[in-house]
Structures are given as C-alpha cells and as structure tokens.
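**Q** Let me see the structure of the following:
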Amino acid sequence: MNNILRLTQLKEGDRAVVVELTLSNAMRRRLQDMGLIKGTVVECVGKSPLGDPAAFLIRGAVIALRSEDSDMVLVEYIN
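**A** Next up is the predicted model:
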C-alpha cells in the first residue's frame, strides 16, 4: 500500500519520511538546509488554529512552515 501524501496533510502527532521536494527554487534550498531531505523523519507537533502555519519536528528542531511551502514536500506516512 502506498502512503505518499503532502506534508500539509499530516495531522498533529503523525510521523512521515520525506520522499521528495517538488520545488525548484530558493525555497527548496532553504528546506534542504533545515534538514528536509529524502529519508528524513518528520513529525507534525502542532498546527495554528486556522491550520497555517504548522510546526514540524525535523532532526531535533521544531520548525514552522507555511502551507504553501509544506505542500511541496511529499512524504510517506509511518506509524
């Protein structure tokens, strides 16, 4: 079963592994610098009341990402 989804689709407490970044601009480089590279485990630790931005635990750091950016990150859901 294929569990590929966008980072924005994770709910609080969900964990996933980065599969691909679908950006090709400076934001791609920024996300990579933050640790969002293929194989990285990401956990959604919270969302603002309106859902944007959301906070993710990435390599030991909590990082808030806007939906327009996190929507460009493909992840595979894990338990």
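**Q** Identify all contacting residues around the top helix by length along the chain.
**A** Longest helix in the chain, counting residues (DSSP state H): helix 26-33. For helix 26-33, contacts defined as Cβ atoms under 8 Å, 6 or more residues apart in numbering pick out 21, 23, 69, 72-73. For the C-beta atoms, the positions are set from N, CA and C on the backbone; glycine is no exception.
**Q** Summarise which helices and strands the following helix or strand past it is packed against.
**A** Moving toward the C-terminus from helix 26-33, the next helix or strand (DSSP states H and E) is strand 41-47. In terms of contacts (3 or more Cβ pairs under 8 Å, 6 or more residues apart in numbering; DSSP states H and E), strand 41-47 is packed against strand 15-21, strand 54-58.
**Q** Now render the ones you listed as TSV, adding mean pLDDT and mean neighbour count.
**A** Compiled in TSV, the helices and strands packed on strand 41-47 are given as follows (pLDDT from 0 to 100; neighbours: other Cβ atoms under 10 Å):
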stretch	mean pLDDT	mean neighbour count
strand 15-21	95	17
strand 54-58	96	19
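**Q** Nearest to Gly35 among the ones you listed would be which one?
**A** Closest to Gly35 of the helices and strands packed on strand 41-47 is strand 54-58 (Cβ to Cβ; 4.7 Å).
**Q** next SSE after the closest one?
**A** Per DSSP H and E, the first helix or strand lying C-terminal to strand 54-58 is strand 61-65.
**Q** Pipe the helices and strands packed on strand 41-47 into a markdown table and attach distance to Leu7 per row.
**A** As requested, these are arranged in a markdown table below (distance: least, Cβ to Cβ, whole Å):
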| stretch | distance to Leu7 |
| --- | --- |
| strand 15-21 | 7 |
| strand 54-58 | 7 |
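**Q** Any idea which of the ones you listed gets closest to Tyr77?
**A** With Cβ to Cβ as the criterion, Tyr77 lies closest to strand 15-21 of the helices and strands packed on strand 41-47, at 5.1 Å.
**Q** Can you tell me what sits against that closest one?
**A** 3-5, 7, 10, 28, 31-32, 36-44, 72-79.
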